[in-house]
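Novice: From the sequence below, what's the structure:
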Amino acid sequence: MNSKFLLPQMVIGVGIGMLLWGPSLLAQNSPHAVWGKVLNSAKQPPKSEFFQFYAYIKSRPTEILTHKSFGSGYYESEGTWWLNTGNFATEWQIGDTLVVELLSIQTGQVERKTVVGTLTGAGNDFFGNAILERVPYKPDNLTPVELVSFRVDLIPEGRVRLSWQTASETNNLGFRIERAAGENGAFEFLAFVAGHGTTTKENRYEYVDRPEQAALYRYRLMQVDHDGGLQVLGTVQVQASQPDGFQLLQSYPNPFDVRKTDRTRFQVYMNQPGRVQIRIYDLRGRLVRTLQHTATTPGVQYISWDGRNASGNRLPTGMYYYEAVFQQQRQKKSLIILH
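Specialist: Now for the predicted structure:
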């Protein structure tokens with residue numbers, strides 16, 4: 001089967017049902033998926049480090065809906081973006097108009113496209129194919145954002161909170177957040193937070209990061225205006241710590257493309273030695289594999305998996321859910337397998 005059809009099939013599977021954890025069956029009234037295909041102005045899928053997107057209900061443009069929840073993301077090789085609408089930050093109803101802003105942001109070159117569709121609740125909604133259009137840069141003498149403060153704080157569970165405040169905004173599309181490890185590491189895209197356009201009101205913003213290692217991190221805040229301009233607003237740094245207790249981190253690689261690698265690794269942080277289980281479920285809530293790991297020392301534990309079920313057969317393309325079980329604690333995330 002042609003690989004370009006694999007992600008749409010996977011997305012349709014997401015829309016069939018949503019896992020109500022323990023390993024129970026999926027709910028019939030589950031949130032469904034919204035998805036589409038995107039190319040840059042050169043007719044190629046945009047690189048992951050430059051591409052970002054966000055969504056909002058047309059009647060509530062200031063309520064930005066997260067795309068960082070499980071079951072949502074971007075698959076660069078196919079140019080497919082998808083959103084699990086069940087994990088939107090606010091409620092939605094069938095018939096609502098969803099607006100998705102697609103962006104490719106590089107220094108001196110901003111490309112964008114807005115796609116609009118109706119949420120049907122019928123399993124999945126295809127928002128079509130989109131080609132990003134270059135935004136002509138029109139420099140002016142206006143200050144796009146008057147920044148009041150930009151700070152970083154350590155908060156519980158090993159998380160890092162970035163917060164900033166603006167006194168005014170002019171033609172402000174939003175903020176690009178970048179992160180670099182160590183004093184000399186290269187900055188990489190982390191997140192995009194939508195701005196308020198043009199306003200003289202004070203606005204406060206916040207983004208929470210979950211670093212996977214205890215290390216020094218630098219965070220850079222960049223402003224993006226509607227005309228394609230970029231402006232560095234500030235840089236902060238923090239010494240991140242490991243979370244207290246037990247935490248399931250994101251598996252890598254994810255998506256797990258068996259055409260490129262034969263294994264993915266689950267990562268679990270444990271503050272004490274002990275035995276942890278990784279249980280993998282398909283979209284119907286059926287247990288397909290259990291992995292055992294004994295940690296002899298505290299810290300991040302790595303548990304490899306070859307994408308096979310308990311019978312030794314490779315699992316088909318699609319989305320799977322996995323949970324880590326340690327003592328009386330359980331945490332869950334999702335994983336995509338591609339062939």
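
Novice: State the distance from residue 152 to residue 292.
Specialist: Using CB to CB, to the nearest Å, residue 152 is found at 38 Å from residue 292. The C-beta positions use only the backbone N, C-alpha and C, and glycine is treated the same way.

Novice: who's more crowded, the two?
Specialist: For residue 152 versus residue 292, neighbours defined as other CB atoms under 10 Å are more numerous around residue 152 (18 against 9).

Novice: after the host helix or strand of that one comes which helix or strand?
Specialist: Assigned by DSSP states H and E, residue 152 belongs to strand 145-155. Next in sequence after strand 145-155, counting helices and strands by DSSP H and E, comes strand 159-181.

Novice: residues of that next one that come out buried?
Specialist: Neighbour-count burial for strand 159-181, counted by 16 or more other CB atoms under 10 Å, picks out 159-160, 162, 164, 166, 168-181.

Novice: again with stretch 277-286
Specialist: For stretch 277-286, by 16+ other CB under 10 Å, it's 278-283, 285.

Novice: Ok, stretch 205-214 next?
Specialist: 205, 207, 209, 211.

Novice: now stretch 110-118
Specialist: Across stretch 110-118, burial judged by 16+ other CB under 10 Å covers 110-113, 115, 117.

Novice: Pick the one among the residues you listed closest to residue 237.
Specialist: Closest approach to residue 237 among those (CB to CB): residue 110, at 26.6 Å.

Novice: circling back: and the strand holding residue 152, average pLDDT?
Specialist: For strand 145-155, mean pLDDT is 91.

Novice: can you list the residues that contact it?
Specialist: Applying CB atoms under 8 Å, 6 or more residues apart in numbering, the contact partners of strand 145-155 are 160-170, 172, 195, 202, 208, 219, 221, 223, 231, 233-234, 236-238, 240-241.

Novice: Strand partners (parallel or antiparallel) of it?
Specialist: In the sheet, strand 145-155 lines up against strand 159-181 (antiparallel) (DSSP bridges).

Novice: where in the stretch 201-339 of the chain is pLDDT low?
Specialist: Applying pLDDT under 70 to the stretch 201-339 of the chain picks out residues 243-244.

Novice: please redo it, this time with the cut-off set to 90
Specialist: Low-confidence segments of the stretch 201-339 of the chain, defined by pLDDT under 90: 208-215, 222, 224-232, 240-262, 267-272, 283-285, 295-302, 317-319, 327-329, 333-339.

Novice: quick one: the strands in it?
Specialist: Ranges of strands within the stretch 201-339 of the chain are 203-209, 216-225, 230-239, 246-252, 256-257, 264-270, 274-281, 287-295, 299-305, 318-326, 329-338, based on DSSP state E, counting those that start in this stretch.

Novice: Let's have those in a markdown table, adding distance to residue 102.
Specialist: What follows is the strands of the stretch 201-339 of the chain, written out as a markdown table (distance: least, CB to CB, whole Å):
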| stretch | distance to residue 102 |
| --- | --- |
| strand 203-209 | 20 |
| strand 216-225 | 13 |
| strand 230-239 | 17 |
| strand 246-252 | 23 |
| strand 256-257 | 23 |
| strand 264-270 | 28 |
| strand 274-281 | 31 |
| strand 287-295 | 34 |
| strand 299-305 | 32 |
| strand 318-326 | 22 |
| strand 329-338 | 20 |
